[in-house]
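Enquirer: Coordinates for the following, if possible.
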Amino acid sequence: MKTIQLKFPLFPLLFTILISTNSKAQSREPIIDVHVHASQINSNFAREMCPWFLSNMPGGDPNLQAPSFFNLDCVAPLQPAKSTQEFQDQIIEKINRLNVYMVVSGDAGVIHNWYAAAPDRIIPSLGISNPNQMTVEAFKDSLSSGFYKVMGEVAPQYQGMSPSDMSLDAYFGVAEELGIPVAIHMGTGGNGMANITSPKYRASLGRPFLLEDLLDRHPKLKIWVMHAGYPMIDEMIALMGAHAYVYVDLAGFIWSYPLSEIHRYLKRLVEAGFAKRILYGTDLMIWPDLFETSVSVIQNANYLSYEQKRDIFFNNAIRFFNLNPEDYK
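Expert: The predicted structure is shown next:
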């Protein structure tokens, strides 16, 4: 066994990757990433990105050019995939080498290609955010086919809708009937979301308490809250305390907001008693190295025990999705 140490931008500690001399993924403990986006790559819009770029969120002037989301003031910005095929090649190489399993939503064609390349490591997910995307009947047919194992990402917040909006209720009913777990976007969307990129987005519609009517109508629905409802920690803790089947993932904010803020939020969830209901996720998009960046945050959290880290990386997802751990080694 040899140790390879990789340094990541803006992060003072080292993320240590242990691999065997013959590079078998089985030498690494498995990780389940519950929040990955498969997409077509437009090279005209693919750009570099520094992790934790929201550590400095400048304001702007509505009469001038909008401020940029991304901060490139770091030693080694993460590089985007330059083509859809390159994105696939990098993702498949990475998950095989690092022993990762991924719940993947997004472009249907890309998901099918990834699944064909790594059927044992890709868990397809079918997202819907408004009823105009597909009929309830088509949605049920798609889930009943057996290809899709998850409903998500569900993101009505970007449409100016509550997750308990009745226009989506029949879709949640299908997931409940079929025993399909659901991933719902809650919380932050980034800097200037409502007046720069998504005019229908409302911060107030990311409140975890807005899930309660949905959960009341569908008591057997199993959901996890994406982004752990960040930054509304009090509502998130209260909701999880009241609803024993609600989990959260750490995706998105884990690589975009200041590290001190990320650790404060995660530590609060753990100290509140919910370490067994936290799922690891990246919100991985066009930057394949976001995986290592996100893993490093958990690996270097000195307030987490080894057992708690393994729960977040793997054990909690096995329990949530009712998976056989022997199939994910």
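Enquirer: burial of the residue nearest to residue 275 when sequence neighbours are not counted, as a residue count?
Expert: Leaving aside its chain neighbours, residue 275 sits nearest to residue 308 (4.9 Å; criterion: Cβ to Cβ, 6 or more residues apart in numbering). (Glycine included, C-beta is placed from N, CA and C.) Using other Cβ atoms under 10 Å, residue 308 is surrounded by 18 other residues.
Enquirer: so residue 308 touches residue 270, yeah?
Expert: Yes: here residue 308 reaches residue 270: they are 6.6 Å apart, a contact under Cβ atoms under 8 Å.
Enquirer: Need the contact partners of the longest helix anywhere in the chain.
Expert: Counting by DSSP state H, the longest helix found in the chain is helix 84-98. Under the criterion Cβ atoms under 8 Å, 6 or more residues apart in numbering, residues 17, 19, 23, 25, 28, 31, 39-41, 81, 100-102, 110, 113-114, 117-118, 121, 286, 288, 291 lie in contact with helix 84-98.
Enquirer: three-state assignment of the residue nearest the centre of the chain?
Expert: By Cα atoms, centre = their mean, the chain has its centre lying nearest to residue 35, at 3.0 Å. Here residue 35 is recorded as strand under DSSP: H, G, I helix; E, B strand; the rest coil.
Enquirer: can you pull the contacts of it?
Expert: By Cβ under 8 Å, 6+ apart, the contact set of residue 35 is 103, 153, 183, 226, 249, 251-252, 281-284.
Enquirer: how many other residues sit next to residue 92?
Expert: Counted with other Cβ under 10 Å, residue 92 comes out at 16.
Enquirer: For it, report the pLDDT, please.
Expert: With respect to pLDDT, residue 92 scores 98.
Enquirer: if we can go back for a sec, state the distance from the residue nearest to the residue nearest to the centre of the chain when sequence neighbours are not counted to residue 166.
Expert: Among residues not flanking residue 35 along the chain, residue 281 sits closest, at 3.1 Å (Cβ to Cβ, 6+ apart). As judged by Cβ to Cβ, to the nearest Å, residue 281 and residue 166 stand 28 Å apart.
Enquirer: same thing with residue 127?
Expert: Taking Cβ to Cβ, one finds residue 127 at 19 Å from residue 166.
Enquirer: Could you check which of the two is surrounded by more residues?
Expert: The neighbour count for residue 127 versus residue 166, taken as other Cβ under 10 Å, is higher for residue 127 (18 against 11).
Enquirer: can you pull the contacts of that one?
Expert: Contacts of residue 127 (Cβ under 8 Å, 6+ apart): 105-106, 151-155.
Enquirer: so how far is residue 101 from it?
Expert: Going from residue 127 to residue 101 by Cβ to Cβ gives 19 Å.
Enquirer: picking up where we left off before, quick check: the residue nearest to residue 35 is in a strand.
Expert: No: judged by three-state DSSP, residue 281 forms no part of a strand; its state is coil.
Enquirer: Isn't it up against residue 253?
Expert: No: contact between residue 281 and residue 253 fails when scored by Cβ under 8 Å: they sit 10.3 Å apart.
Enquirer: Pick out whichever of those two has more residues nearby.
Expert: Set side by side, residue 281 and residue 253 show more neighbours around residue 281, with 27 against 24, by other Cβ under 10 Å.
Enquirer: can you pull the pLDDT of the more buried one?
Expert: Per-residue confidence (pLDDT) for residue 281: 97.
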